[in-house]
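[1] Here is a sequence with its predicted model. Questions after.
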Amino acid sequence: MFIEKVNFQCNLYFVMNLVFKHDNLKDKNESLEKTTLYSSIMSTRIPTFRNFQSMINHFQKLITDFSQMEDKSISPNEQYLKRLTYYCICRYISENSDLIVPLIPEDFRGFDLPTELDIPITKNIYEISPETLPILYFVKYYKPKGGNQSERQFLEKFYSHFTQKYFQFRSKFCLLKVFCVKILTKALIWMNEYYPCFAVAPAYINENRIVLFCAIAKLISNNFSLYAHQTGVKCLLKILQNNIYSDDLLKFIPLLMNVSNYQCTLNNIYQCITYLIIHTNNEYLTISTDFLNRQKFHEFSYESMIAFLEMMSIFISNNKIGDYQHWEELIELSIEYILFDYQNYETLLLCSKLLFAYFKDIKESQEVIINILKKKIIGYSFESIKSRIRIITQIFIVSCTSIYEQKRILKQQSNNCKIVQKNENPMSKEQIIIRIAEQYNIPLKELIPIEEIILIEKQLSFENHQIIIDTMSLICQQITQGFNGTNNHENNNDFENNNDT
């Protein structure tokens, strides 16, 4: 019942990406009218605004004028006119975020969150408080230039102002309070560009950071609103993705592991844990092992599975995993992904990273392979598995060698080490690939189109090619040893059976 309720709530308003989506024809027509209206406004001469209020007045006047020119009133409802005005302002900010900073008042009046509005999380911000939207669009699209003292001073004031604003919201489940956390997250990312080391940052920067971390933790642990929970996890992920780290963040590990109940946030939770777990020693080994054993990866969406595989490879390669109970299922699934879906190169790479770490660092890998071979992976025989692995290896040998050869030729040409005759044309990518395939006696035409090889080269780095090739070699080695072990085991059973008779 709770999941149905929160899913209904999330459909009431635009959430993480500030996109307000409608389903019925009336709302689609309204959206088209807004787009047409904005295009008409932008076709006029846009003046240099004195302040943010002058921008509001300008857009509002133009909207009214266009309405009168078409001999119709936009709406008798002033609230609707207000929403149209802020719609156009948000579009303008998304395209001209650099021009907004000088327009924002020092006291942020007119560019602020209205704390007197205790808006429940179930309400639609676009209808209740459209004046909030320009702030959200500004933090989404603005990119600091760096090295500018006036900009730094503005961003510091912005950071401090909205930290104070956070404490003015009394309600635990106030939508604007959740938005305030999103705003502070972006402000911290901006501050990190000026103060990349917290140790040398002004004291208030660190104090505000602690406030933000506590606010994010409250959102993540929120069991009333799925939107609040999602926002908290996403804010934490943005901080980690921007290389912001302090030991305080490690406290999020048990929290993230304890709230991983919703499929819609699993992907981001796994990514957060992946960033954080490498900074730990063994203090979270027990809770991590319990957490990993609880993950039902057979039920995951594709996005969650990708994040899970990446997280598991980090756990394995950094020796952060204890008594994991599902090695056989996980390794079998990874090998199946490689056999059936090897042309999905993102999945192939992640499975390769996981298997490479597993074969190198887990002692029981040989026993697991033997058990998998006994079951015969989805009907695959030993020879068919080896054949598929050989095909993948050949494809990536050609692609990897092609990347290396292209770099070598470019370097040679840039250093003028090779004199190119006027009538001599440099080799194309296709010619290089064909030559390499012939050199290694690889029947490329039977395996894959040349265009696909070129696509692989664009998607994966030289280093990633090497990981895949090395992993395919390890899989063959492990499967061969496992196959021999399986045969020896069966022969021993035959011997024992003969002795019994």
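    Looks like it arrived, so ask away. Residues are numbered from 1 along each chain as shown.
[2] going forward, measure contacts between C-alpha atoms and count neighbours the same way
    Noted.
[3] okay, now residue 67: neighbour count?
    15 (other CA atoms under 10 Å).
[4] which secondary structure element contains it?
    helix 52-69 (DSSP states H and E).
[5] Can you name every helix or strand that that helix contacts?
    Helix 52-69 makes packing contacts with helix 25-42, helix 78-95 when contacts are defined by 3 or more CA pairs under 8 Å, 6 or more residues apart in numbering; DSSP states H and E.
[6] Now do the next helix or strand after the last one: everything it contacts.
    Taking DSSP H and E as the definition, the helix or strand that follows helix 78-95 towards the C-terminus is helix 125-128. The list of residues contacting helix 125-128 from outside it, by CA atoms under 8 Å, 6 or more residues apart in numbering, reads 13, 83, 119, 132-133.
[7] From those residues, pick the one nearest residue 396.
    Distances from residue 396 to the contacts of helix 125-128, taken as CA to CA, are shortest for residue 13 (46.2 Å).
[8] Please, which helix or strand holds residue 133?
    helix 133-141.
[9] what's the offset of that helix from the middle of its chain?
    The chain centre lies 20 Å from the centre of helix 133-141; the measure is CA atoms, centre = their mean, to the nearest Å.
[10] quick one: it to helix 78-95, angle?
    20 degrees (axes from the mean of the first three to the mean of the last three CA atoms, to 10 degrees).
[11] Tell me the buried residues in helix 133-141?
    Neighbour-count burial for helix 133-141 flags 133-140 (criterion: 16 or more other CA atoms under 10 Å).
[12] Please apply the same query to stretch 444-460.
    Under the neighbour-count rule (16+ other CA under 10 Å), stretch 444-460 has 444, 450, 453-454, 456-457 buried.
[13] cool, and stretch 56-75?
    Neighbour counts using 16+ other CA under 10 Å place 56, 58-60, 62-64, 66, 74 of stretch 56-75 among the buried residues.
[14] Make TSV out of the residues you listed and add pLDDT and distance to residue 225.
    TSV is the format used below for the buried residues of stretch 56-75 (pLDDT from 0 to 100; distance: CA to CA, whole Å):
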residue	pLDDT	distance to residue 225
56	92	33
58	91	38
59	90	35
60	90	35
62	87	39
63	85	37
64	83	39
66	77	41
74	51	36
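[15] Could you single out the nearest of those to residue 239?
    residue 56 (32.3 Å).
[16] that older thread, quickly compare the helices and strands packed on helix 52-69 and say which is most buried.
    The highest mean neighbour count among the helices and strands packed on helix 52-69, using mean count of other CA atoms under 10 Å, belongs to helix 78-95: a mean of 18.
[17] what angle separates that one from helix 52-69?
    Counting by the same axes, to 10 degrees, helix 78-95 lies at 120 degrees to helix 52-69.
[18] circling back to that earlier point, adding distance to residue 323 as columns, could you present the buried residues of stretch 56-75 in JSON lines?
    Shown next, in JSON lines, are the buried residues of stretch 56-75 (distance: CA to CA, whole Å):
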{"residue": "56", "distance to residue 323": "61"}
{"residue": "58", "distance to residue 323": "65"}
{"residue": "59", "distance to residue 323": "63"}
{"residue": "60", "distance to residue 323": "64"}
{"residue": "62", "distance to residue 323": "67"}
{"residue": "63", "distance to residue 323": "65"}
{"residue": "64", "distance to residue 323": "68"}
{"residue": "66", "distance to residue 323": "69"}
{"residue": "74", "distance to residue 323": "66"}
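[19] which among the residues you listed gets closest to residue 88?
    Looking across these and measuring by CA to CA, the closest to residue 88 is residue 59, at 7.2 Å.
[20] The residue nearest to the spatial centre of the chain is in what secondary structure piece?
    The centroid of the chain falls nearest to residue 268 when counting by CA atoms, centre = their mean (7.0 Å). Under the criterion of DSSP H and E, residue 268 resides in helix 263-277.
[21] now for the very next helix or strand once past that helix, which elements pack on it?
    Sequence order places helix 285-294 as the next helix or strand after helix 263-277, per DSSP H and E. With contacts defined as 3+ CA pairs under 8 Å, 6+ apart, the packing partners of helix 285-294 are helix 252-258.
[22] contacting residues around the helix it packs on?
    Residues outside helix 252-258 that contact it (CA under 8 Å, 6+ apart): 217, 220-221, 269, 273, 276-277, 284, 287-288, 291.
[23] about what we covered before: could you give the average pLDDT over the helix holding residue 133?
    Helix 133-141 shows a mean pLDDT of 95.
[24] So for the helix or strand just after that helix, what gets flagged as buried?
    The helix or strand immediately downstream of helix 133-141 is helix 149-167, counting by DSSP H and E. By neighbour count on 16+ other CA under 10 Å, the buried set for helix 149-167 is 152, 155-163, 165-166.
[25] low-scoring stretches of the stretch 151-300 of the chain, by residue?
    Within the stretch 151-300 of the chain, not a single segment meets pLDDT under 70.
[26] sorry, back to before: hang on, isn't the residue nearest to the centre of the chain packed against residue 235?
    No: under the criterion of CA atoms under 8 Å, residue 268 is not in contact with residue 235, lying 9.9 Å apart.
[27] can you list residues touching both of those two?
    By CA under 8 Å, 6+ apart, no residue touches both residue 268 and residue 235.
[28] Which residue, other than its chain neighbours, is closest to residue 223?
    The shortest distance from residue 223 to any non-neighbouring residue, by CA to CA, 6 or more residues apart in numbering, is to residue 229 (7.3 Å).
[29] who's in contact with that neighbour?
    Here residue 229 is in contact with 219-223 (criterion: CA under 8 Å, 6+ apart).
[30] how much space between residue 433 and residue 392?
    16 Å (CA to CA, to the nearest Å).
[31] Of those two, which one has the most company?
    residue 433 (24 against 20).
[32] Wait, that one touches residue 449, no?
    No: using CA under 8 Å, residue 433 makes no contact with residue 449, being 10.7 Å away.
[33] what stretches of the stretch 301-450 of the chain score poorly on pLDDT?
    376-380, 416-425.
[34] all helices in it, in order from the N-terminus.
    Ranges of helices within the stretch 301-450 of the chain are 302-317, 327-341, 345-361, 365-375, 382-414, 429-439, 444-447, 450-459, based on DSSP state H, counting those that start in this stretch.
[35] so which of the ones you listed comes closest to residue 467?
    helix 345-361 (6.8 Å).
[36] Output the closest one as PDB - backbone C-alpha positions only.
    Output of helix 345-361 as PDB, limited to C-alpha atoms (Å, rounded to 0.1, in the frame of the first residue of the first chain):
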ATOM      1  CA  TYR A 345      29.900  -3.800 -24.400                       C
ATOM      2  CA  GLU A 346      29.100  -2.000 -21.200                       C
ATOM      3  CA  THR A 347      27.800  -5.200 -19.700                       C
ATOM      4  CA  LEU A 348      30.700  -7.200 -21.100                       C
ATOM      5  CA  LEU A 349      33.200  -4.800 -19.600                       C
ATOM      6  CA  LEU A 350      31.600  -4.900 -16.100                       C
ATOM      7  CA  CYS A 351      31.300  -8.700 -16.100                       C
ATOM      8  CA  SER A 352      34.900  -8.900 -17.200                       C
ATOM      9  CA  LYS A 353      36.000  -6.600 -14.400                       C
ATOM     10  CA  LEU A 354      34.100  -8.700 -11.800                       C
ATOM     11  CA  LEU A 355      35.300 -12.100 -13.100                       C
ATOM     12  CA  PHE A 356      38.900 -10.900 -13.400                       C
ATOM     13  CA  ALA A 357      38.800  -9.700  -9.800                       C
ATOM     14  CA  TYR A 358      37.100 -12.900  -8.700                       C
ATOM     15  CA  PHE A 359      39.500 -15.300 -10.300                       C
ATOM     16  CA  LYS A 360      42.500 -13.400  -9.000                       C
ATOM     17  CA  ASP A 361      41.300 -12.800  -5.400                       C
END
